[in-house]
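Asks: Fold the following for me, if possible:
(one chain, ligands or ions: 1)
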Amino acid sequence: MKMKITETVLRDAEQSLMATRMPISDFEGILDRMDQAGYYSIECWGGATFDACLRYLNEDPWERLRIIKKHMKKTKLQMLLRGQNLLGYHHYSDDTVRRFVRAAVENGMDIIRIFDALNDLRNIQTAVDACLEAGGHAQGTICYTISPIHNLEMYVSLAKEIEKMGCQSLCVKDMAGILSPKECFELVRELKRAVDLPIFVHTHATTGLGPMTYLKAAEAGADGIDTATACFSGGTSQPATEAMVYALSQMNYDCGVNTKILKEVNDYFEPVQKKFLENGTFDPYVLSTKTDALVYQIPGGMLSNLVAQLKAQNAIDRLDAVLEETPRVREDLGYPPLVTPMSQMVGVQATVNVLMGARYQNIGKEIKAYIRGEYGKAPGKINQELADKVLQGESVLTGRYAETLAPEFEDAKAALGNRARSDLDVLSYIVFPQQAEEYFEQRELKRALKVSYAIEEVQEG
Ligand code: CO
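Replies: Alright, predicted model coming up:
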């Protein structure tokens with residue numbers, strides 16, 4: 001039996017543990033060895049990496065991708081993409097989505113895991129088509145969540161749809177670490193019966209269920225799991241690659257990896273981890289097991305956001321009230337899975353409801369857009385009173401929101417003028433206008449400095 005291993009240290013692990021603050025200089029030196037480790041794929045781009053490169057690391061995300069690719073002679077590169085949201089927080093036009101996905105494949109991406117926060121597959125269709133056209137591997141995704149309306153039948157029918165769309169594999173994405181071993185076994189077994197696609201299970205170690213869930217996934221016939229090198233594993237990250245490989249190998253699974261190289265990889269990252277622990281970027285608090293998600297069913301990352309919001313408002317004493325309000329807001333909204341951007345939207349609304357002392361007196365503009373149908377179809381029924389308050393007689397959008405959006409690329413290109421060095425710059429700008437502009441400015445400054453140094457050197461002979 002085989003089990004494919006996707007290593008997440010370059011994306012989800014560092015995103016979940018330390019908010020994606022690892023510059024490429026911290027890991028470029030190990031990429032050649034990682035390529036020899038035998039991973040099925042390395043998740044290294046997408047999610048928050050694109051934003052963080054521009055916003056905090058002063059790196060061109062496209063260049064990062066090309067550099068990683070240069071070192072990967074045989075291992076597939078993988079990214080996470082939020083369907084019509086790409087790597088941003090709202091819907092982009094189809095021309096942007098097509099260009100972005102094509103550019104990702106052209107610059108080295110092999111596998112694109114594509115999801116929609118609401119599991120509204122219309123929102124991943126354009127990205128899936130563009131990925132397939134560009135010769136990439138499109139991995140369709142089911143966001144796993146627990147609610148009175150989410151059940152095996154719903155997941156199976158999503159999987160069948162994903163197969164029909166032409167995706168080459170399927171991912172069960174459990175962003176909160178709430179997929180239990182038993183539920184995982186049943187889910188994977190049913191999905192295997194329903195579709196012919198390879199099935200990948202993605203979970204987090206947050207609640208402590210992760211490694212057990214992966215073992216049951218294996219027993220049910222899952223084809224791959226996502227894990228992180230030991231020093232970047234556990235807590236809000238993935239279960240450890242080494243431990244999962246050890247356990248699975250004893251059970252006669254061939255994970256295809258070289259354990260000696262896995263150790264080299266971890267040895268390399270240990271001082272990196274230590275540096276971020278020492279400078280406070282990596283708070284060891286995120287490594288402890290937190291079972292609250294099993295009660296509140298909210299992802300670990302969302303919990304830490306709520307805490308940060310309340311601290312900023314000097315209202316941390318209201319945390320319990322917010323944690324009770326969160327599932328109520330979610331219910332009112334028809335049980336959206338709590339993944340970006342829905343997790344932030346629900347969290348902010350719950351906080352506002354509690355701090356204002358009155359529910360929905362103030363409704364966030366994203367929540368209003370969601371209720372108007374601009375994020376896609378709500379999984380369940382939206383609370384009628386809330387819907388009436390927002391819609392005020394307007395009707396809900398039933399089509400795909402992106403169809404209402406005009407093409408963006410040419411306008412953005414014109415707006416940027418010669419500040420864009422390439423079409424990739426234009427794409428960065430469309431997705432993160434302010435961050436991209438700031439990055440372009442920094443880049444020009446750097447270039448100007450280099451030129452002036454070069455002139456000085458020439459003058460000094
Ligand atoms: Co994840």
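
Asks: count of neighbours near Gln344?
Replies: Neighbours of Gln344 under the rule other Cβ atoms under 10 Å: 19. C-beta here means a position set from N, CA and C on the backbone, and glycine is covered the same way.

Asks: give me every residue that touches it.
Replies: By Cβ atoms under 8 Å, 6 or more residues apart in numbering, the contact set of Gln344 is Tyr89, Met302, Asn305.

Asks: contacting residues for the residue in the stretch 1-150 of the chain that the ion sits nearest to?
Replies: Residue of the stretch 1-150 of the chain nearest the ion, by Cβ to the ion: Asp12 (4.4 Å). The contact partners of Asp12, by Cβ under 8 Å, 6+ apart, come to Glu43, Gly47, Leu80, His202, Asp226, Ala228, Ser237, Gln238.

Asks: Next, whatever residue of the stretch 151-300 of the chain ends up closest to the ion: secondary structure please.
Replies: Per Cβ to the ion, Met175 is where the stretch 151-300 of the chain lies closest to the ion, at 4.9 Å. When classified by DSSP: H, G, I helix; E, B strand; the rest coil, Met175 comes out as coil.

Asks: Against Asp12, how distant is it?
Replies: To Asp12, Met175 is 9 Å away according to Cβ to Cβ, to the nearest Å.

Asks: Looking at the contacts of Gln344, which are in helices?
Replies: Those of those mapping onto helices are Met302, Asn305, per DSSP state H.

Asks: Most neighbours among the contacts of Gln344, which one?
Replies: Counting neighbours by other Cβ under 10 Å, Met302 leads these with 22 neighbours.

Asks: okay but it is in contact with Val348, surely?
Replies: No: the criterion here is Cβ atoms under 8 Å, and Met302 misses it with Val348 at 10.3 Å.

Asks: So what touches stretch 306-316?
Replies: Ile298, Arg318, Leu319, Val322, Leu323, Thr326, Gly347, Val348, Ala350, Thr351, Leu355.

Asks: for those, which one is nearest Gln384?
Replies: Gln384 has its nearest neighbour among these in Ala350, at 19.5 Å by Cβ to Cβ.

Asks: give me the number of residues near the closest one?
Replies: When neighbours are defined as other Cβ under 10 Å, Ala350 has 24 of them.

Asks: do Asn279 as well
Replies: Asn279: 10 surrounding residues under other Cβ under 10 Å.

Asks: Kindly state the pLDDT recorded for Asn305?
Replies: For Asn305, the model assigns a pLDDT of 78.

Asks: do Glu264 as well
Replies: pLDDT, Glu264: 98.

Asks: What of Thr340?
Replies: Listed pLDDT for Thr340 reads 81.

Asks: secondary structure class for the residue lying closest to Met165 once chain neighbours are set aside?
Replies: Of all residues not flanking Met165 in the chain, Val128 sits nearest, at 5.3 Å (Cβ to Cβ, 6 or more residues apart in numbering). Three-state assignment for Val128 (three-state DSSP): helix.

Asks: I'd like to know how far Val128 sits from Met109.
Replies: 14 Å.

Asks: could you list every residue that touches the residue of the stretch 151-300 of the chain closest to the ion?
Replies: Going by Cβ under 8 Å, 6+ apart, Met175 touches Cys143, Tyr144, His202, His204, Pro299, Gly301, Pro337, Leu338, Val339.

Asks: top of these by neighbour count?
Replies: Across those, neighbour numbers were computed from other Cβ under 10 Å; His204 holds the maximum, 30 neighbours.

Asks: Confirm that residue sits in a strand?
Replies: No: His204 sits outside any strand when classified using three-state DSSP, being coil.

Asks: burial measure for the closest residue to it other than its chain neighbours, as a count.
Replies: Spatial nearest neighbour of His204, chain neighbours left out: Gly177 (3.9 Å); criterion: Cβ to Cβ, 6+ apart. By other Cβ under 10 Å, 28 other residues sit near Gly177.

Asks: Gly177 contacts Leu209, correct?
Replies: Yes: using Cβ under 8 Å, Gly177 is in contact with Leu209, at 6.1 Å.

Asks: shared neighbours of these two, which are they?
Replies: Common neighbours of Gly177 and Leu209, using Cβ under 8 Å, 6+ apart, are Thr203.

Asks: Can you name the residues of the chain sitting close to the ion?
Replies: Asp12, Met175 (Cβ under 5 Å from the ion).

Asks: Recalculate using a threshold of 8 Å.
Replies: By the rule Cβ under 8 Å from the ion, the part of the chain lying against the ion is 8, 12, 15-16, 47, 80, 173-175, 202-204, 226, 238.

Asks: Export the residues you listed as CSV, with columns for pLDDT.
Replies: As requested, the residues of the chain next to the ion are exported to CSV (pLDDT from 0 to 100):
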residue, pLDDT
Thr8, 98
Asp12, 96
Gln15, 93
Ser16, 90
Gly47, 88
Leu80, 98
Lys173, 97
Asp174, 96
Met175, 90
His202, 98
Thr203, 97
His204, 96
Asp226, 98
Gln238, 97
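
Asks: CSV for those, including distance to Glu153?
Replies: Output for the residues of the chain next to the ion, formatted as CSV (distance: Cβ to Cβ, whole Å):
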residue, distance to Glu153
Thr8, 30
Asp12, 29
Gln15, 32
Ser16, 30
Gly47, 29
Leu80, 26
Lys173, 19
Asp174, 18
Met175, 22
His202, 22
Thr203, 22
His204, 25
Asp226, 26
Gln238, 28
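
Asks: Return the members of these classed as buried.
Replies: Burial by neighbour count, 16 or more other Cβ atoms under 10 Å: within those this picks out 8, 12, 15-16, 47, 80, 173-175, 202-204, 226, 238.

Asks: which intervals of this protein have sub-threshold pLDDT?
Replies: The model of the chain has pLDDT under 70 over residues 300-301, 457-461.

Asks: Strands of that one, start to end?
Replies: Assigned by DSSP state E, the chain shows strands spanning 4-7, 41-46, 76-81, 111-114, 137-143, 169-173, 199-202, 224-227.
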